[in-house]
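1. Quick one: sequence and predicted model below, then my questions.
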Amino acid sequence: MARNPLFLEPIAGGPVFNEAKFFRDAEALHLSFQETLVYSQTQDSEVRGRANDYVCYEPEFENALDEICSNVVGRTLFRFLVTKANMRRGGKKISLIAYDGNVNQYSLKDYAVKINLKMFDGEGNGINARQYYYVDGNGEIVPKPKTLAGTIFHEFNHALHDIERTGEIEGNRLAGTNEILAYTWGNDEELRTITGCTLGPKYDPVCDHCYELCICLDRGRTFYPRYSHEGHDSASGDREETDKRRKLLAHFSESQKIMGGWRDYVL
């Protein structure tokens, strides 16, 4: 079926998320031979019920964890985390905590995902000054609201890469190889976490794009993939915001070459 390069609209009777390909590709990329047995000991259907076994979290995050685990991409991320924590961190639980910081983050030092809940309303929708971007059907860059569950998924994905020691968490090949992509995405780690692009032949479907794609297909929503690690800031002046969007729009053709991996998981 023809695929719009900017977004994917729901239609009657489909499309659907290709779970078989997702499992095949994600497991091949993330699991060593030794890890496969440990991974198989946590079934997909058990992930939410066993959250206390691998995440130390506060009650305020119950609904967000429900949301993440309603999604096969989110559940698989947690299965990978518990597998690798058992084998590489002695079974140490990762923490999910509320704090008053200026940014939501994964802290390597604390082995914790830190979330400022004041940035979200009671329904888990972003309300602070900074949001994401996407490119709409008219080819314009517009704000894309954050969600609490999506933000937590993103930060836990950084944690997965840290445990795996993939290198993206520390290095930045983009800075020395592609100035346009470096401006747009920041670094290798953010590029991979958001788009699944690994700057190599393999695509990582445990990423923001596939996570949201899966939700949109399941709920009949139009999927607009996030564009750029940059974002809308309502505190910026109009001219500054306009100039940033103009520059990002000029760079979009370069990013289109590497941000379409999600299309392979649409049936």
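-> Received the coordinates, thanks. Numbering: from 1, shown residues only.
2. Confirm that residue 142 lies within a helix, as I assumed.
-> No - under DSSP: H, G, I helix; E, B strand; the rest coil, residue 142 falls outside any helix and is assigned strand.
3. Look up how far residue 185 lies from it.
-> Residue 142 is 18 Å from residue 185, where distance means CB to CB, to the nearest Å. C-beta here means a position set from N, CA and C on the backbone, and glycine is covered the same way.
4. With residue 129 instead?
-> To residue 185, residue 129 is 21 Å away according to CB to CB.
5. just residue 9 next, same as before
-> Separation of residue 9 from residue 185 (CB to CB): 25 Å.
6. which one of these two has more residues nearby?
-> A count of neighbours by other CB atoms under 10 Å puts residue 185 above the other of residue 9 and residue 185, at 26 against 13.
7. Next up, the contacts around that one.
-> By CB atoms under 8 Å, 6 or more residues apart in numbering, the contact set of residue 185 is 174, 191, 194, 195, 228, 229, 255.
8. Contact partners for the first one?
-> Right, the one you point to is residue 174. 181, 182, 185, 186, 187, 188, 191, 199.
9. which residues of the stretch 101-250 of the chain fall in helices?
-> Using DSSP state H, counting those that start in this stretch, the helices of the stretch 101-250 of the chain run over 148-164, 174-177, 179-185, 188-195, 208-219, 238-256.
10. among those helices, where is the model least confident on average?
-> With a mean of 78, helix 174-177 has the lowest mean pLDDT of the helices of the stretch 101-250 of the chain.
11. Next, the buried residues of that one.
-> residue 174 (16 or more other CB atoms under 10 Å).
12. ditto for stretch 255-267
-> Quick answer for stretch 255-267 (16+ other CB under 10 Å): 255, 258, 259, 260, 261, 262, 265, 266.
13. Surely residue 47 is in contact with residue 73?
-> No - look at residue 47 against residue 73 with CB atoms under 8 Å: they stay out of range, at 11.4 Å.
14. Of the two, which one has the most company?
-> Counted by other CB under 10 Å, residue 47 and residue 73 do not tie: residue 73 has more neighbours, with 25 against 22.
15. Could you say which helix or strand holds that one?
-> Element membership for residue 73, per DSSP states H and E: helix 72-88.
16. Now that helix: average pLDDT?
-> For helix 72-88, mean pLDDT is 95.
17. Just the buried positions in the helix or strand following that helix, please.
-> With elements assigned by DSSP H and E, the helix or strand that comes after helix 72-88 is strand 94-98. Within strand 94-98, the residues scored as buried using 16+ other CB under 10 Å are 94, 95, 96.
18. Please apply the same query to stretch 222-239.
-> Burial within stretch 222-239, assessed by neighbour count using 16+ other CB under 10 Å, is assigned to 223, 224, 225, 226, 227, 228, 229, 230, 231, 232.
19. Using JSON lines, please lay out these together with pLDDT and distance to residue 85.
-> Compiled in JSON lines, these are given as follows (pLDDT from 0 to 100; distance: CB to CB, whole Å):
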{"residue": "223", "pLDDT": "96", "distance to residue 85": "31"}
{"residue": "224", "pLDDT": "95", "distance to residue 85": "33"}
{"residue": "225", "pLDDT": "97", "distance to residue 85": "29"}
{"residue": "226", "pLDDT": "97", "distance to residue 85": "27"}
{"residue": "227", "pLDDT": "97", "distance to residue 85": "32"}
{"residue": "228", "pLDDT": "97", "distance to residue 85": "31"}
{"residue": "229", "pLDDT": "96", "distance to residue 85": "26"}
{"residue": "230", "pLDDT": "93", "distance to residue 85": "32"}
{"residue": "231", "pLDDT": "93", "distance to residue 85": "30"}
{"residue": "232", "pLDDT": "92", "distance to residue 85": "35"}
